[in-house]
Structures are given as structure tokens and as C-alpha cells.
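*Asks:* take a look and give me a structure for this.
(chains A and B)
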Number of protein chains: 2
Amino acid sequence: MLSQHFLDMTSKKSAIRELFDYGTKRAKEVGYENVFDYSLGNPSVPAPQEFSDAMIDLIKNTDPVALHGYSQSLGIPSVRQAVADSLRSRFGLNYTMDDIFMTVGAAGAIAHAARAVTVPGDEIITFAPFFPEYYYYINETGAVLKVVPADITSFQINFEAFEQMITPKTMAVLINTPNNPSGIVYSTATIDRLAAVLTEKSKEYGHDIYIISDEPYREIVFAGVDAPFVAAHYENTITCYSFSKSLSLPGERIGYIAVNPACKDAAKIVDMCGQISRGIGHNCPPSLIQLAVARVLDLTSDLSVYEANKTILYRELTRIGYEIVEPGGTFYMFPKALEDNAAAFCETAKKHDLLLVPSDSFGVPGHFRISYCVPTEKVERSIPVFEELAREYK
Amino acid sequence: MLSQHFLDMTSKKSAIRELFDYGTKRAKEVGYENVFDYSLGNPSVPAPQEFSDAMIDLIKNTDPVALHGYSQSLGIPSVRQAVADSLRSRFGLNYTMDDIFMTVGAAGAIAHAARAVTVPGDEIITFAPFFPEYYYYINETGAVLKVVPADITSFQINFEAFEQMITPKTMAVLINTPNNPSGIVYSTATIDRLAAVLTEKSKEYGHDIYIISDEPYREIVFAGVDAPFVAAHYENTITCYSFSKSLSLPGERIGYIAVNPACKDAAKIVDMCGQISRGIGHNCPPSLIQLAVARVLDLTSDLSVYEANKTILYRELTRIGYEIVEPGGTFYMFPKALEDNAAAFCETAKKHDLLLVPSDSFGVPGHFRISYCVPTEKVERSIPVFEELAREYK
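*Replies:* The predicted model follows:
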């Protein structure tokens, strides 16, 4: 018989995905240039030429049997070594290949990390606003995702609420900085305070509490913003990385887990990830893509368009009267909606062919997300539409 | 706290993998040419040039933002369409893209299929000899894998034992033809009898029983062998395919689920697979690899070496006195060991630098697996070693 659990899930489609599908349909009716689609977090700049060159070089100049052969179950050793070397030289922590597990993007990384450090019934805490797919990554393991309400004045961590929610069943906190959907970067003060709470609670509860740090936007940080490397501030950090945004490769599903080498169970956790993989059909990322990414680890796409877009949107929307906590990175912004009901507000915006995602699925009411990974000229042309929308609410 | 379940798994390493590691080490000591490593099922022939050409063409001539963009969660529509078209034209069943879900190899396909058609506590039945990773694919879903003992005279299905083991909790049978490790292809009579039993039991129990058909070796069938397409014989068939062996791409992790279009829940099952993916970090196979494979769906590597190797090994080993059921496909053979204890026999073989996998983990005692995906000259040079080994047992 079909699993009712997964059958029920098929009727709960992603609101973001539905909006994107609407945008594609609408573009066919009124023209692509007339739809201001801020729905999806899909990079708008190309992968660096060096990535394409690496792929072509590998395909042309490697023995195909070796090139397309099975990866070792933790990832290709030379690739794990290259990732460790890059992290070590960039962040000063003493990573070795034993701390690295290659994954199919950050989604795979988070799902593996959660399975490694919980058993069914355990709790993982995250902080609103948060990426709604976390519900699936965590709840499907049998652990329970608990969400700390947002501090909407700063979108840093709401520590009062957090300290009330942490319990002896809390095995990990899942953070995302720079953050989707707010664009906020947690400050050094925030990370240090989080580390202090977790250190104290680990001692009190008699077990380690991990930080699972979801960092796909690590390379998209704007000028002058304090963006601490989380693992450098807390030993038991499992960093979950994806190249989707930094190298504009979201479809190629490549990322890794890096366990802080100072974590006493680092090599054990990596080894466990290999076992978690066995059953669920994750296996390793494709050999070819592992090898190509290893050659461009310290490169990024030209990410400057995101900061240019942020600057225009923040300046103009603030001028018009929208309330916004200024993003420190990513390609997202999370302004307050002009009415309490975010869904109704976004429906009104839709009538102007302005596609905004209501905040409710991110765990915060009354806001909306703008994904400004779109051409700058489109951002500029969208300002009058935001203005028109604001006029409707005056 | 770390999950004891996955921690325990880390100490149960794969015997095949350990043997392979030993072979690599031993080759460094005595020379690669002097180790007869029949341990791993890693294709020994290159991917077709057309695959490399397709990759390079895609990389050079497609907008990188589109090329490396997110795949839809069920797979790229044009790729699903191409797979459906190919299956329809080859096997005459009326597949459409709605019946196809793209996966990271057959492992992902089987794990998804099992999750779709069971709930924890349900049973899936497989038939010895079987690929030992099935334990992980099935048991990690919460369902229970039950193994029907082998018919060692033919390695077709032992129906008497099967009919005693099927119960109202049986939701699927998992078959693998052509078979790893026996190399046997189930005959039309076998498949038809299996279909008849399942049809009768589905009626008796009041629920559908699925065939999950694991078919990575579908294209490696030797001359004159009857190799029925399973889905053509049973409506509720979920075909799990991988391009690993047919295109020699095991590291690139690409395959699909094709649900028989005659199955009333086909589109539902495919849709459920998309939801199953969400949580576990499977996501879709990389966009680039999906697109490249779609261009070479009806090609294979030059697979003739496997039949050449089979012919030599079967003829010579039979002559020496080994008892073997002749393989109909794959690159495996599963002879009887020369003593009851297969592990001890393989240890003795190892002293001759002949690396054979004992049969116990495949669910059959007293046999060994030969993976003859090696150069033919090596097969020829290994015959005197098999002969020497046999002499020790006389």
C-alpha cells in the first residue's frame, strides 16, 4: 500500500515553487520583461569560466574509466583533502580530510548531520526566520524541529526565547548565516553568546550540543559586514556547505560537511555520514563534479550584482516607506508587509506583476521575502511598482 | 549525542570493499599484473565517446545559468520525456514522462521505491543470492527485508520457499535480473510465475504487491539468452535503473525510476518520490549529467568484453572441475567453492593473489563471486591460478 505520509506530502506543494510557476506562466502572457519575479533563490550570474574549463579538461584528458569510476563513500580523497586545505588556509582551523564528507549540496549535508547527532524524539532548534525545507530535513529523521520566534528588530537570535526552549532533549541548533530569508549575518557577539549558552547547557545536560551551521551564502557578504566563521567560535560545529550560490551551480548538487577538527568526535561523525548515505540512496556526489569543484574551491562567480541590487532596493524601498532590516549578505531582503496579513499583501503585489513571497512559511508573520538574484535593470524598473503598491496602502 | 545505530554501522565495513583495498595494497607490493582482483563490480570499459561529446557540447554551448540551474524536483522534464520515449520504443509499454523519476543511480531508486510502497513494519521480500546493500536500502526505511533461500541448481526463484514466506504484510518483492552475484537472468517462465503468485496474493490480501525491479545490468545480456522486460509481465512494476554499467558511469550517480504506466498509481508514486527526496537530501541528480545522459539513452559502452570473459571463465573453470550455473548476463559468476566454508576457501585463494568474494553476504553459503570486469588477458592468465587452487583441494 502507498505510504499515506508521503502521499499527504504531495498535496503540500511549496508556496515559493507555486509562485515561480505562476511567474513563468504570466511571463508568457504579458512578456518576461513585464513580470518582476522575486520568488526564487536561483543565482542569476554564470559559473566562473574556470569551472567549465576544469570540466572540459577532466573529460578530455582523464582516462574515462577512472574519471567516471565510483567515488569512495566519504568522497574522493584528493577532493576531501583539497577542501580541508582550503578551509584551513582561509579560516585557520586545522581541518584534515578526515573532517570532510562530500555531499549533494547543503540539503544532503544538513539531513546527514541531523541523523548523525540525534535519535528519533530528540530535538533540534532553529531560529525564525528560517528556510522552510528545514522541517523536512529534520522531521524526516524522526527528530523534532523547534522554532525560536524571531527578533524582528534585528533578525539576530532571540536569546530570551531560545533559553526558554532549550531542553535536555536538544541535541543541536541549526543556524543559517548569512540568512535566507532575512539576508542578515549573525554578528560575532551573537555567535559568541550562542556558543556560551550551548557550552553551559552541554555541561548542565551532560551531552554535547552541536551547531549545525548551514552556510550556502558564506561567500555573499556585503562590504564592511562582520561575518564570523561559526566553527571558529564553537568546537562542536558541523559546517554544511553548498557551492550552489558561490559558484552558481545549484543544479549540480555539490557541497560538503566539515566537522570542526577540535570536535572530539569529528572523524566518527564523518564516518557515520558514510553509513547514513548507504541506506537512503544519497551516495556520493558525482565523481566528475567533485573533481571539477576541487579545482575552483577558492573562486566564486562575480557576486557583485547582488550587492548592487541590495543597495538600490534598500535605499529606494526605505525611501518609499517600507521598513527593512538592512541585509549584510545573500540575495534576500525581508521587509515588513504593508498590512498584517502577509499572504494578502503578496496577493495584492501579484496584481502588479510583482512576485513576492509571504513570510509565514519562514516562521514570521507580516513580512515578505524579495529574492533579488535578477538583473539590475529589472530591479530598477521594479521600484515604481513598489511605489504604486505602497500608494494603495495609504 | 551521536546515533548509536549509525555508529554501530561504521564497524561493519563491506567485505567486498575490504578485499578491494587489500588488492590495491597487494598490487603495490607484487605488481598490479600479478594480482587477480575479481572483487569489485566496477566497469572496465570506457563510457561511449558520445557521452563525453554531449557533456562538452552542453558546457560549451549552453547558457551556464540555465545549464547549472536547479532541476525540477522530479527531474528535468525534457530528460524524463526522453527516458519515457526510449522505454516506450524499446519495450512497447506506453510510458510518459509522468511515469519517470530521475534518481542518483539505482541505489536511490530502490530506496525511494521502498519508502513509497511501505510503512514501518511492512515486509519486502528478496531472493538469494542478492546484493547485500539491499539490507540497508530496505531496513533503513523501517520496513523489513526478508530473504527467500536460493535454488542453487538454477538461481531462478525458489517458489516453494517464497510462497511460504509471503504474508499480508508483504508490500513488494525486490528482484534483480540479470543478477548480481549469480549472473543469472530470470526466464520468462520465472517472471510469469512470479506475476501469477503476486496477482493472486494481491487479491487475497486486498492490497497491491509491487515488484521493485533492480535492473542495472539490463543491457549486459549474453547471446541467445531469454531476458524478459519485467514490467511487461506485471502491471505493478517499479523499474529501478542505473546507467552505471551500461554507460560505464558508476561514479556519476545517474538512474531513474520508471513506474509501469498500467499501474493505477503510477503518477502518484512518481509524485511521492519527489516528496521522499525533499527530506533525505537526495534531491535530483545533477542537471548537467541528466542532460548529457538524455542524449545517449540508446547507446552503451562496448560491453562485448564481459561476454568474452564469461566464455573463457565458464569453459575453463568447468573443465578444471568447478561447478557453475552458466551466467546469462552481467559481469559476475557464482561458482561453488571447493570447501563448505566459502570464507576459508576465499582466504586460500587470496594466498594465490586470486581475490574472490565469499558468498555468505549474498545470502548463500558455499559459493564465491567472480567479478570479471577486468582485461581479458588477465582472465586468461588467471586460469592456471584457479587450476593450482583446485589442486590444493584434491
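
*Asks:* for the rest of this, base every contact and every neighbour count on C-alpha atoms.
*Replies:* Fine.

*Asks:* what's A:Ala227 sitting at in phi/psi?
*Replies:* A:Ala227 adopts backbone torsions of phi -130, psi 80, taken as degrees, to the nearest 10.

*Asks:* how about A:Thr103?
*Replies:* Main-chain torsions, A:Thr103, degrees, to the nearest 10: phi -130, psi 160.

*Asks:* one more: the one 5 residues further on?
*Replies:* As for A:Gly108, its main-chain torsions (degrees, to the nearest 10) stand at phi -60, psi -40.

*Asks:* give me the number of residues near it?
*Replies:* Burial measure for A:Gly108: 32 neighbouring residues, criterion other CA atoms under 10 Å in any protein chain shown.

*Asks:* residues touching it, list them.
*Replies:* Applying CA atoms under 8 Å, 6 or more residues apart in numbering or on different chains, we find A:Gly108 in contact with A:His282, B:Ile280, B:Gly281, B:His282.

*Asks:* surely A:Val111 is within a helix?
*Replies:* For residue A:111 the amino acid is Ala, not Val. Yes. Using DSSP: H, G, I helix; E, B strand; the rest coil, the assignment for A:Ala111 is a helix.

*Asks:* one step back: now, of the contacts of A:Gly108, which are buried?
*Replies:* Neighbour-count burial (16 or more other CA atoms under 10 Å in any protein chain shown) applied to these gives A:His282, B:Ile280, B:Gly281, B:His282.

*Asks:* now distance to B:Thr24 too, for those, in a markdown table please.
*Replies:* Output for the buried ones among the contacts of A:Gly108, formatted as a markdown table (distance: CA to CA, whole Å):
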| residue | distance to B:Thr24 |
| --- | --- |
| A:His282 | 26 |
| B:Ile280 | 33 |
| B:Gly281 | 32 |
| B:His282 | 31 |
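
*Asks:* A:Thr62 versus the closest residue to A:Val79 other than its chain neighbours, what's the distance?
*Replies:* Closest residue to A:Val79 apart from its sequence neighbours, by CA to CA, 6 or more residues apart in numbering or on different chains: A:Ala294 at 5.5 Å. Using CA to CA, to the nearest Å, A:Ala294 is found at 15 Å from A:Thr62.

*Asks:* higher neighbour count, the two?
*Replies:* Just comparing A:Ala294 and A:Thr62: by other CA under 10 Å the higher neighbour count belongs to A:Ala294, 19 against 11.

*Asks:* that one reaches A:Val83, doesn't it?
*Replies:* Yes. Using CA atoms under 8 Å, A:Ala294 is in contact with A:Val83, at 7.0 Å.

*Asks:* domains of chain A?
*Replies:* A:4-47+A:302-392, A:65-294 (automatic domain parsing).

*Asks:* most tightly surrounded among those?
*Replies:* The highest mean neighbour count among these, using mean count of other CA atoms under 10 Å in any protein chain shown, belongs to domain A:65-294: a mean of 22.

*Asks:* quote the end-to-end distance of that domain.
*Replies:* One end of domain A:65-294 sits 19 Å from the other (CA to CA).

*Asks:* enumerate every residue touching A:Ile383.
*Replies:* Counting by CA under 8 Å, 6+ apart, A:Ile383 touches A:Leu313, A:Glu316, A:Leu317.

*Asks:* would a markdown table of these with pLDDT, distance to chain B and secondary structure be doable?
*Replies:* Formatted as a markdown table, the contacts of A:Ile383 follow (pLDDT from 0 to 100; distance: CA to the nearest CA, whole Å; DSSP: H, G, I helix; E, B strand; the rest coil):
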| residue | pLDDT | distance to chain B | secondary structure |
| --- | --- | --- | --- |
| A:Leu313 | 98 | 23 | helix |
| A:Glu316 | 98 | 28 | helix |
| A:Leu317 | 98 | 28 | helix |
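
*Asks:* please list the outside residues in contact with stretch A:250-259.
*Replies:* For stretch A:250-259, contacts defined as CA under 8 Å, 6+ apart pick out A:42-43, A:99-106, A:109, A:113, A:236-244, A:266-267, A:269-270, A:285, A:289-290, B:67-71, B:283-288.

*Asks:* okay, how far is it across that stretch, tip to tip?
*Replies:* Taking CA to CA as the measure, stretch A:250-259 stretches 23 Å from start to finish.

*Asks:* so for it, mean pLDDT?
*Replies:* Stretch A:250-259 shows an average pLDDT of 96 in the prediction.

*Asks:* distance from the chain centre to that stretch, please.
*Replies:* Centroid separation for stretch A:250-259 versus its chain: 11 Å, with CA atoms, centre = their mean, to the nearest Å.

*Asks:* check contacts around the closest residue to A:Leu354 other than its chain neighbours.
*Replies:* Distances taken as CA to CA, 6+ apart place A:Phe36 nearest to A:Leu354, at 4.8 Å, with adjacent residues excluded. By CA under 8 Å, 6+ apart, the contact set of A:Phe36 is A:Asp353, A:Leu354, A:Leu355, A:Lys378, A:Ser382.

*Asks:* grab the nearest non-local neighbour of the first one.
*Replies:* Going back to what we said before, that points to A:Asp353. Closest residue in space to A:Asp353, ignoring its immediate chain neighbours: A:Val35 at 5.1 Å, by CA to CA, 6+ apart.

*Asks:* could you pull out the strands for chain A?
*Replies:* Assigned by DSSP state E, the strands in chain A fall at A:36-37, A:100-103, A:123-127, A:144-148, A:170-176, A:210-214, A:237-242, A:255-259, A:332-333, A:354-355, A:357-358, A:368-371.

*Asks:* my guess is A:Ser39 meets A:Asp21, correct?
*Replies:* No. Counting by CA under 8 Å, A:Ser39 sits too far from A:Asp21 to count as a contact (9.6 Å).

*Asks:* A:Leu87 - nearest residue in space that isn't next to it in sequence?
*Replies:* Distance criterion CA to CA, 6+ apart; nearest residue to A:Leu87, sequence neighbours excluded, is A:Tyr95 at 6.8 Å.

*Asks:* the one you found contacts A:Ala82, correct?
*Replies:* No. Counting by CA under 8 Å, A:Ala82 is not a contact partner of A:Tyr95; they are 10.3 Å apart.

*Asks:* could you give the number of residues near the closest residue to A:Ile59 other than its chain neighbours?
*Replies:* Nearest residue to A:Ile59, sequence neighbours excluded (CA to CA, 6+ apart): B:Ser52, at 6.4 Å. Using other CA under 10 Å, B:Ser52 is surrounded by 17 other residues.

*Asks:* same check on the one 3 residues further on?
*Replies:* Neighbour count for B:Met55, taken as other CA under 10 Å: 19.

*Asks:* tell me the pLDDT of it.
*Replies:* The model reports B:Met55 with a pLDDT of 98.

*Asks:* ditto for A:Tyr70
*Replies:* In this model, A:Tyr70 carries a pLDDT of 87.

*Asks:* cool, and A:Val65?
*Replies:* For A:Val65, the pLDDT comes out at 94.

*Asks:* leaving out the residues flanking it, which one is nearest to it?
*Replies:* The shortest distance from A:Val65 to any non-neighbouring residue, by CA to CA, 6+ apart, is to B:Pro46 (5.1 Å).

*Asks:* tell me the contacts of that neighbour?
*Replies:* Going by CA under 8 Å, 6+ apart, B:Pro46 touches A:Asp63, A:Pro64, A:Val65, B:Leu247, B:Ser248, B:Ser301, B:Asp302.

*Asks:* any idea how far A:Asp360 is from it?
*Replies:* In this view, B:Pro46 and A:Asp360 are 51 Å apart by CA to CA.

*Asks:* how about A:Thr237?
*Replies:* Distance, A:Thr237 to A:Asp360, using CA to CA: 29 Å.

*Asks:* with A:Tyr134 instead?
*Replies:* For A:Tyr134 relative to A:Asp360 (CA to CA), the value is 14 Å.

*Asks:* who's in contact with stretch A:21-30?
*Replies:* With contact meaning CA under 8 Å, 6+ apart, stretch A:21-30 is reached by A:Glu33, A:Asn34, A:Val35, A:Asp37, A:Leu355.
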